[in-house]
Structure formats: structure tokens, C-alpha cells
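A.B. asks: Predicted model follows, preceded by the sequence.
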Amino acid sequence: MKVQSTSLDGVYLLEPTVYEDDRGFFMESYNDKVLAEYGITCQFVQDNHSLSRKTGTLRGMHYQLEPYAQTKLVRVIRGSIFDVVIDLRPNSKTYGRWEGFELSAGNKRQLLVPRGFAHGFCTLEPNTEVLYKVDQYYSHPHDRGIRWDDPEIGIIWPVVSPILSEKDRQHPFLRDAEINFR
Ligand SMILES: Cc1cn([C@H]2C[C@H](O)[C@@H](COP(=O)(O)OP(=O)(O)O[C@H]3O[C@@H](C)C(=O)[C@@H](O)[C@H]3O)O2)c(=O)[nH]c1=O
């Protein structure tokens, strides 16, 4: 497993070692010892799986307030996504900055999203399935979001008119968002 740091402190891009043979492939999709070498010692407690039928489906930008903030380990098992994080840690040098990564069933990359970040993605292919581990349980009362097209953040999405849930259309801009990360 190759672990690369990114422009945002605490966000890592993971590239598993894939062993291919006549039958197909084998890879370790999660190994806590490898993550611990990078100081990532969270305990994952829930696995999530979503299917987005159409290309250009955008889910985001989501986070949970403390004490239900979540670390997420995201990967794609079918199709591909443009996966985006926004740094929401008020004391961070990169507060309000975003970065995007292409994750696909083909490249098998994974993104480690720490607590204190908003997360979202846009699908690049039909019938895209995303799996992710989280280290805190879902809590509806702590569930928050920021508008995907907040001009102050300026995410460059690969789609102009994405397919959104009703909830994701209603999120506030970052300047009005409720944030309680330290
Ligand atoms: C996230 C989540 C949702 N749900 C329920 C609530 C709701 O009725 C239904 C659909 O929820 P949503 O519309 O929020 O699903 P979705 O838009 O896919 O939300 C997800 O988006 C990505 C980008 C993330 O980063 C995730 O953490 C999560 O926020 O599933 C759970 O039961 N457990 C969970 O962990």
C-alpha cells in the first residue's frame, strides 16, 4: 500500500498493492498497521455503501458536527468519481481550501478524509458504487452540509448541472455554516 500526503494536512491518498493473476486480482483493501505508520489510529465502526445511477450525480458537501465528527476512508468498487474535501478546521492554515481526486474501480485508490473536513463526490460514470468506512456513527441531528457551488470555495467540478438530492440543494454557504471543530 502506497500512502501519499496531499496539499491538505491529514488527507491521504492510498494506493493498494494489487496482485493480479489468471483468476483476477487480490489486494488488501484495509490494513490498520499501515495507516498507523502515518499516525492514523482511528477505529472504524460503520461501513457505508452507495449507488448513484447516473453520471453527474453529486453528493455533498457533508460533515457531522462534534462529538459525531467522522474520519472517512472512501473507495469506489464500480465506476468512478471526482472526490472532494474541504478543510473546515478553523485553526488550519488551509481552512476553506478544497482538493479533488479521481477514485475509480480501475485505479482502486482510496481517500482518507479526517475529522474536520466536508466531503462529497460527483460520479463520472453511470452505476457508480462507493464504499466507505467511518469512525463515528451516523447522527441525523449532527448531519450538516455546505453548498457544492459555494463561490468562495470555488470547487472546479467536472459537471455543470449535477443531479442533487433535495437536502443537498438547501445547504448554506461556508460563511453561514455551523462548524464546531477545534
Ligand atoms: C450517511 C447516512 C445516511 N443514512 C440515511 C439517512 C437518509 O435517510 C438516507 C440517505 O442519506 P443521505 O442523503 O445523507 O446520503 P448521501 O448523500 O449519500 O450522504 C453521504 O454522502 C457522502 C458524500 C458522505 O461523505 C457521507 O458521509 C454521507 O454524508 O440514508 C443512514 O441511515 N446512515 C448514514 O450513515
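C.D. replies: Happy to help now that I have it.
A.B. asks: contacts, neighbours, all on C-alpha from now
C.D. replies: Will do.
A.B. asks: Just the pLDDT for the residue located most distally from the centre of the chain.
C.D. replies: No residue in the chain sits farther from the centre than D22, which is 32.5 Å out by CA atoms, centre = their mean. If you check D22, the pLDDT there is 98.
A.B. asks: ok, now the one 5 residues further on?
C.D. replies: Here the pLDDT value assigned to M27 is 97.
A.B. asks: circling back: how about the residue farthest from the centre of the chain, phi and psi?
C.D. replies: phi -60, psi -30 (degrees, to the nearest 10).
A.B. asks: Repeat that for H142.
C.D. replies: phi -100, psi 0.
A.B. asks: from memory it sits against Q64, does it?
C.D. replies: Yes: H142 is within contact range of Q64, at 5.1 Å (criterion: CA atoms under 8 Å).
A.B. asks: hmm, back to that, tell me how far the residue farthest from the centre of the chain lies from M1.
C.D. replies: Distance, D22 to M1, by CA to CA, to the nearest Å: 22 Å.
A.B. asks: Would you mind listing what in this protein touches the ligand?
C.D. replies: R59, G60, H62, H119, G120, F121, Y138 (CA under 6 Å from any ligand atom).
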